[in-house]
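Student: Coordinates for the following, if possible.
(one chain, ligands or ions: 1)
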Amino acid sequence: MAEIERETMEYDVVIVGAGPAGLSAAIRLKQLDSDLEVVVLEKGSEVGAHILSGAVLDPCGLDALIPDWKEKGAPLNVPVKEDNFYMLGEAGGIRVPNFPMPPLMNNHGNYIVSMGNVCRWMAEQAEELGVEIFPGMSCSELVYGDKGEVKGVVAGVFGLEEDGSYGPNTEPGMELHGKYVFLGEGVRGSLSKEVIAKYDLGAGKDVQKYGVGMKEIWEIDPAKHKEGTVTHTMGWPLNSNAGGGSFIYHLDNNQVYVGFVVHLNYKNPHLYPYMEFQRFKHHPMVADLLKGGKRVAYGARAITEGGYQSMPKLVAPGVALLGCSAGMVNVPRIKGNHNAMLSGKAAAEAAYAAIKADRSGDELPDYEAVVRDGAIGKDLKMVRNVKPMWSKWGLMASLMLGGLDMWTNNILGLSLFGTLKHGKNDAEATEEASKHKKIDYPKPDGVLSFDRLTNVSFAATNHEESQPCHLRLADPSLPIATNLPKFDEPAQRYCPAGVYEVVEKDGKPEFVINFQNCVHCKTCDIKDPSQNITWTTPQGGDGPNYPNM
Ligand SMILES: Cc1cc2nc3c(=O)[nH]c(=O)nc-3n(C[C@H](O)[C@H](O)[C@H](O)COP(=O)(O)OP(=O)(O)OC[C@H]3O[C@@H](n4cnc5c(N)ncnc54)[C@H](O)[C@@H]3O)c2cc1C
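Tutor: Sure thing, here's the model as predicted:
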């Protein structure tokens, strides 16, 4: 094939991803020096289109970045007024009082927000400062320099033929080069995965852990709506089968975010995270709240859960991992947006100092130091044992021991347990189907619970059908030859968007990938027990179109 010719554009810093991490970095760079050339590339059709969080936002990241965010009209309009935590059984629940909770779990001072809208607002702030933001531009490849450093990305490849080759309508995209490249792709970023592997950034660190988070927006009866109320639950419908829990956040305009996270280290391949979420809404406490209301949006996204001990090295020549590209979620708080913002700010400050010193294409050790030794490291270190305790000893033990551990860390700055390890990665945690019972899930009623494909239509996801499938199988025969007999092909169930099916054709099972349904959650890339699926970027602008997730 003839060499592909691409136009090249030169910048000081190239940023992949217009999430809170990438946008914070862009804003901070321009605050420090308005002459710096900064570009942000986003695969969503607009900024915010692919953003999915709970979200209760701890404003500490925004305070550090834009102290006058209130005057500037940031969409943080719903302060948390009430914070509830319930342990659920099938028919009822016990409210856990707030006083035994360590102070870090307190949500007072935080805001219920649409992170999509927060990102849209941050993008406006960035553009006012002169940042160039290109939505609808997937970064599909990294560009390496002569010394093995990352020197840029390829973005904006459109119109590939179905087999991945170049055709008459293919636009080859362009190369965007930078003195530094920041990857703010969020959880399980495709370029970040390449960088972590190429430079062995996970060496000496624990494995990364994940959950799959699903979320619906409901408009509910105004009489039941309590703006500013935050509720978390644990327990039913999950039992010892899997870890996880729910969140219910009352924002404004009679809207409620209803979400459910299932930890992806579950063993039973028959488990169906999406159906666990649907079943959860039939709990009397939740059903009472939602009855008479309507679901107006649906989405899903993986969430990093490995925390402090799983964070890879953050820098390699020419490149830095920001936010959830490196996994900066505080798991018991289910919060990562504040750390994403703080990491973007720290990376920007390190790159600014390096550029002023005429450096480029090297590592930014100052960024790494600020993250590990500063506010982010402190936030993550205090809670580092909660997830491994949960995986090893189950929910009740982790609540008690994890609570104790957070208190000793909070007050004495030490843990009685040291730093616990996570053990297997989530793919390896999956056991053979023959060892486990099938789970009988009730049929969705179409009122409180919905079948997967109906719900996916509320994610407004869209992929140009003529392009190559962006979900790549290393071995196309493996789903039927290995995964089906061994694991009952769990892709049929772990995908919250119904992308994967096993159908019968001419009396034989066939694996079908409906990539058009993909909501870019990355669960398949994480959970496939054979690690045979790689999520790559489809062409720019494709994917979900979330309104105010
Ligand atoms: C269900 C759920 C609930 C959560 N609840 C909360 C909460 O209540 N509070 C909280 O603080 N945190 C919460 N989190 C965690 C929070 O969402 C993350 O910590 C945060 O999104 C990380 O920000 P980020 O900028 O690193 O990545 P993201 O927010 O994921 O942003 C990454 C951006 O990069 C784009 N992108 C990715 N790859 C490419 C590419 N190759 N080319 C171009 N663009 C690309 C994506 O489209 C996206 O817009 C929750 C997460 C989940 C899944």
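Student: What helices and strands are in contact with the helix or strand of the chain at the bottom of the mean pLDDT ranking?
Tutor: Using mean pLDDT, DSSP states H and E, the weakest-scoring helix or strand in the chain turns out to be helix 386-412, at a mean of 86. In this structure, helix 386-412 packs against strand 229-235, with contacts taken as 3 or more C-beta pairs under 8 Å, 6 or more residues apart in numbering; DSSP states H and E. In this view, the C-beta of every residue, glycine as well, is placed from N, C-alpha and C.
Student: okay, how far is it across stretch 58-75, tip to tip?
Tutor: In stretch 58-75, first residue to last residue: 13 Å (C-alpha to C-alpha, to the nearest Å).
Student: Show residues contacting it.
Tutor: Stretch 58-75 is contacted by residues 20, 24, 27-28, 76, 109-111, 113-114, 117-118, 121, 125, 333, 335, 337-342, 344-345, 375 when judged by C-beta atoms under 8 Å, 6 or more residues apart in numbering.
Student: where does the closest residue in space to G228 that isn't next to it in sequence land on pLDDT?
Tutor: In this structure, G228 finds its nearest non-sequential neighbour in K81, 3.4 Å apart by C-beta to C-beta, 6 or more residues apart in numbering. On pLDDT, K81 comes in at 97.
Student: residues contacting the residue in the stretch 1-150 of the chain positioned nearest to the ligand?
Tutor: Proximity of the stretch 1-150 of the chain to the ligand (C-beta to the nearest ligand atom) peaks at G19, 2.1 Å away. By C-beta under 8 Å, 6+ apart, the contact set of G19 is I51, C119, G184, E185, G186, G323, C324, A340.
Student: okay if I get those residues as TSV plus neighbour count?
Tutor: Listed next are these as TSV, based on neighbours: other C-beta atoms under 10 Å:
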residue	neighbour count
I51	27
C119	26
G184	32
E185	25
G186	29
G323	34
C324	29
A340	31
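Student: on that earlier part again, per-residue confidence at the residue of the stretch 1-150 of the chain closest to the ligand?
Tutor: pLDDT, G19: 98.
Student: what do you get for Q492?
Tutor: Confidence score, pLDDT, at Q492: 98.
Student: Look up how far D528 lies from it.
Tutor: Per C-beta to C-beta, to the nearest Å, Q492 is found 12 Å from D528.
Student: Please identify which of these two sits among more neighbours.
Tutor: Neighbour count, other C-beta atoms under 10 Å: between Q492 and D528, D528 has more, with 26 against 19.
Student: Setting the sequence-adjacent residues aside, check what's closest to the residue of the stretch 401-549 of the chain at minimum distance from the ligand.
Tutor: Here the residue of the stretch 401-549 of the chain nearest the ligand is T537; by C-beta to the nearest ligand atom that distance is 4.6 Å. Nearest non-adjacent residue to T537, counting by C-beta to C-beta, 6+ apart: S138, 3.9 Å away.
Student: okay, now that neighbour: neighbour count?
Tutor: Using other C-beta under 10 Å, S138 has 27 other residues around it.
Student: Was I right to think it contacts G44?
Tutor: No. S138 lies out of contact with G44 (C-beta atoms under 8 Å); the separation is 9.3 Å.
Student: Narrow the contacts of stretch 58-75 to just the buried residues.
Tutor: Buried residues within the contacts of stretch 58-75, defined by neighbour count using 16 or more other C-beta atoms under 10 Å: 20, 24, 27-28, 76, 110-111, 113-114, 117-118, 121, 125, 333, 335, 337-342, 344-345, 375.
Student: Please flag which of these sit within strands.
Tutor: Counting by DSSP state E, the buried ones among the contacts of stretch 58-75 place Y111 in strands.
Student: Stretch 258-278: how far from the chain's middle?
Tutor: Offset of stretch 258-278 from its chain centre (C-alpha atoms, centre = their mean, to the nearest Å): 16 Å.
Student: How about F182, nearest residue that isn't a chain neighbour?
Tutor: Leaving out its chain neighbours, the residue that sits closest to F182 by C-beta to C-beta, 6+ apart is I15, at 4.6 Å.
Student: err, S114, not the other one
Tutor: Distances taken as C-beta to C-beta, 6+ apart put N548 closest to S114, at 3.8 Å, once the chain neighbours are dropped.
Student: Regarding the residue nearest to F182, what is its secondary structure?
Tutor: strand (DSSP: H, G, I helix; E, B strand; the rest coil).
Student: shift numbering so it begins at 56
Tutor: With the count now opening at 56, the last piece we talked about shows up as I70.
Student: what sits against it?
Tutor: G77, A80, A81, V93, V94, V95, L96, V236, F237, G239.
Student: got it, and N161?
Tutor: Listed by C-beta under 8 Å, 6+ apart, the contact partners of N161 are D138, N153.
Student: if we can go back for a sec, so the residue nearest to G283 is in contact with T284, correct?
Tutor: Yes. Using C-beta under 8 Å, K136 is in contact with T284, at 6.6 Å.
Student: quick one, which of these two is more surrounded?
Tutor: Shown here are K136 and T284; by other C-beta under 10 Å, T284 has more neighbours (18 against 14).
Student: what ranges do the helices span in the stretch 156-305 of the chain?
Tutor: Remark: helices assigned in the stretch 156-305 of the chain by DSSP state H, counting those that start in this stretch are 170-183, 245-253.
Student: now the stretch 456-604 of the chain
Tutor: Using DSSP H, counting those that start in this stretch, the helices of the stretch 456-604 of the chain run over 507-511, 533, 539-542, 546-549, 578-582.
Student: With distance to the ligand as extra columns, can I get those in JSON lines?
Tutor: Putting these into JSON lines (distance: least, C-beta to the nearest ligand atom, whole Å) gives the following:
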{"stretch": "helix 507-511", "distance to the ligand": "15"}
{"stretch": "helix 533", "distance to the ligand": "25"}
{"stretch": "helix 539-542", "distance to the ligand": "24"}
{"stretch": "helix 546-549", "distance to the ligand": "15"}
{"stretch": "helix 578-582", "distance to the ligand": "10"}
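Student: okay, those, which one's buried deepest?
Tutor: Comparing these by mean neighbour count (mean count of other C-beta atoms under 10 Å), helix 578-582 ranks first with a mean of 25.
Student: Run through the bridge partners of V557.
Tutor: F566 (DSSP bridges).
Student: That one contacts P540, doesn't it?
Tutor: No. If you go by C-beta under 8 Å, V557 and P540 don't touch, sitting 11.4 Å apart.
Student: What residues does the stretch 306-455 of the chain have near the ligand?
Tutor: Neighbours of the ligand within the stretch 306-455 of the chain, by C-beta under 6 Å from any ligand atom: 314, 316, 356, 358, 378-380, 384, 389-393, 395.
Student: mind running it again at 5 Å?
Tutor: Within the stretch 306-455 of the chain, the positions near the ligand by C-beta under 5 Å from any ligand atom are R356, I358, G378, C379, V384, I389, K390, G391, N392, A395.
Student: what sits against the first one?
Tutor: Remark: with contacts taken as C-beta under 8 Å, 6+ apart, R356 is in contact with L107, S108, G241, V242, V267, G268, V574, H575, C576, K577.
Student: The second one: neighbour count?
Tutor: Residues within reach of S108, counting by other C-beta under 10 Å, total 30.
Student: Sticking with it, tell me its helix or strand.
Tutor: Remark: S108 resides in no helix or strand, with elements defined by DSSP states H and E.
Student: these two touch, right, it and N392?
Tutor: Yes. Between S108 and N392 a contact is recorded at 6.0 Å, counting by C-beta under 8 Å.
Student: Which residues are in contact with each of the two?
Tutor: With C-beta under 8 Å, 6+ apart, S108 and N392 have common neighbours M170.
Student: show me the contacts for M444.
Tutor: Applying C-beta under 8 Å, 6+ apart to M444 gives the contacts A452, S453, L456, G457, D460, F472, L475.
Student: Thank you kindly, that will do.
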